[in-house]
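Undergrad: Pasting the sequence and the predicted coordinates here, then a few questions.
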Amino acid sequence: MSFYDEVLRELVLALGGALFIANALALVRRRHDAEHADARPSTRASKRGDYADNDDLAQAPRARTVTYMLIGLIVSIWALASIIAH
């Protein structure tokens with residue numbers, strides 16, 4: 001096994017773990033974010049009354065967050081198994 005193969009496996013493990021942890025934190029913060037969403041002022045893009053392109057959600061969607069957590073977990077387990085097997 002070459003150095004680059006090992007580094008690639010470790011990077012995939014790190015990315016999968018980061019995907020899992022970040023979405024777990026988003027899931028934990030859902031209630032806090034929902035409570036503070038009403039306190040944010042609304043913004044306008046122009047004088048015409050168009051709303052600004054604001055892709056920020058008030059809270060993380062539960063189904064998407066859990067799906068991304070599962071993807072991160074599967075990628076992490078697969079990468080860890082690849083590291084252990086070689």
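TA: Good, I have the coordinates. Numbers count the residues shown, from 1 in each chain.

Undergrad: Surely residue 73 is in a helix?
TA: Yes. Counting by DSSP: H, G, I helix; E, B strand; the rest coil, residue 73 falls inside a helix.

Undergrad: okay, now it: neighbour count?
TA: One way to gauge burial is a neighbour count; for residue 73, by other Cβ atoms under 10 Å, it gives 16. C-beta here means a position set from N, CA and C on the backbone, and glycine is covered the same way.

Undergrad: What of residue 20?
TA: For residue 20, using other Cβ under 10 Å, the count is 20.

Undergrad: pretty sure it contacts residue 69?
TA: Yes. Using Cβ atoms under 8 Å, residue 20 makes contact with residue 69 at a distance of 5.4 Å.

Undergrad: Let me see the contact set for residue 83.
TA: 6, 9, 10, 13 (Cβ atoms under 8 Å, 6 or more residues apart in numbering).

Undergrad: Quick check: which element contains it?
TA: helix 62-85 (DSSP states H and E).

Undergrad: chain center to that helix: distance?
TA: 12 Å (Cα atoms, centre = their mean, to the nearest Å).

Undergrad: again with stretch 67-86
TA: Distance, centroid of stretch 67-86 to centroid of chain: 16 Å (Cα atoms, centre = their mean).

Undergrad: chain center to stretch 17-27: distance?
TA: 5 Å.

Undergrad: Flag every buried residue along that stretch.
TA: 17, 19, 20, 23, 24, 26, 27 (16 or more other Cβ atoms under 10 Å).

Undergrad: which residues touch the residue nearest the centre of the chain?
TA: Closest to where the C-alpha atoms of the chain average out (Cα atoms, centre = their mean) is residue 23, at 4.3 Å. By Cβ under 8 Å, 6+ apart, residue 23 lies in contact with 60, 65, 66, 68, 69, 72.

Undergrad: Low-confidence regions, this protein specifically.
TA: By pLDDT under 70, the low-scoring segments of the chain are 38-56.

Undergrad: Before I go, just wanted to say thanks for your time.
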